[in-house]
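Asker: structure for the following, please:
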Amino acid sequence: MSAHQVRPATLRDAKAIAEIHVAASRAALQGILPDDHLNSLSVEKRQAFWREAIDLCEPQVWVASANGQILGFVGYDRSRDERTPPTTGELWAIYAAPAHWSTGVGLALWDAARDGLIEEGCTKATLWLPLRNERALRFHELAGFKREMKSARTTVVGGTKIEEIRLQRSLV
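Answerer: Next up is the predicted model:
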């Protein structure tokens, strides 16, 4: 059993979620995305995004906490990829505060998202990651995700081309 409590996010959680999103993005994507782009990430803009997501339940947002402190969050819903069946879910985001990496926060969040996707009738889960984000790739592969080699794509983030790959795993 996890020492982390996982629950649906409330609007009051949006600021903590935004702070984690910005801090974890900066830490995880340093050397992958340009410093200018990482430094420009705004807690205020992320907070507005996550408030709307929580309010509309799109995606569904859950938080992990311990001793009243939010340590990470996950956003999940149906896949946003074109031509995927309605039984395909997607992890839109999963982040833990850098100080709590490798403590089980990510696993607790993944467990909650997996259960939520199964409850929604999903039989498969996917997510997109930068190929150079080795820590995240390792985490998801340990959680049973496999790389879809033919899915590789290039996106432009902050003026830099980023190679991404989709990972997927069965939920049944």
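Asker: surely R114 forms part of a strand?
Answerer: No - if the criterion is DSSP: H, G, I helix; E, B strand; the rest coil, then R114 is helix and not within a strand.
Asker: can you pull out the strands in the chain?
Answerer: Under the criterion DSSP state E, strands of the chain are mapped to 5-8, 60-66, 69-78, 88-96, 124-130, 146-157, 160-170.
Asker: list the strands paired with the third one, with their directions.
Answerer: It refers to strand 69-78. Here strand 69-78 is paired, per DSSP bridges, with strand 60-66 (antiparallel), strand 88-96 (antiparallel).
Asker: and what of the shortest one?
Answerer: Taking DSSP bridges as the criterion, strand 5-8 forms sheet pairs with strand 60-66 (antiparallel).
Asker: make a markdown table from the strands of the chain and add distance to G31 and mean pLDDT to it.
Answerer: Just so you know, the C-beta spots here come from the backbone N, C-alpha and C atoms, and that holds for glycine as well. Formatted as a markdown table, the strands of the chain follow (distance: least, C-beta to C-beta, whole Å; pLDDT from 0 to 100):
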| stretch | distance to G31 | mean pLDDT |
| --- | --- | --- |
| strand 5-8 | 30 | 97 |
| strand 60-66 | 26 | 97 |
| strand 69-78 | 22 | 97 |
| strand 88-96 | 18 | 97 |
| strand 124-130 | 11 | 96 |
| strand 146-157 | 13 | 92 |
| strand 160-170 | 11 | 94 |
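Asker: between these, which one is closest to L29.
Answerer: Across these, L29 has its closest neighbour in strand 124-130 (7.1 Å, C-beta to C-beta).
Asker: in CSV, list the C-alpha atoms belonging to that closest one.
Answerer: Output in CSV follows, covering the C-alpha atoms of strand 124-130 (Å, rounded to 0.1, in the frame of the first residue of the first chain):
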residue,chain,number,x,y,z
LYS,A,124,-5.4,0.4,-23.7
ALA,A,125,-3.5,3.4,-22.5
THR,A,126,-1.1,5.6,-24.5
LEU,A,127,1.2,8.6,-23.9
TRP,A,128,3.6,10.8,-25.8
LEU,A,129,7.2,11.5,-24.5
PRO,A,130,10.3,13.2,-25.9
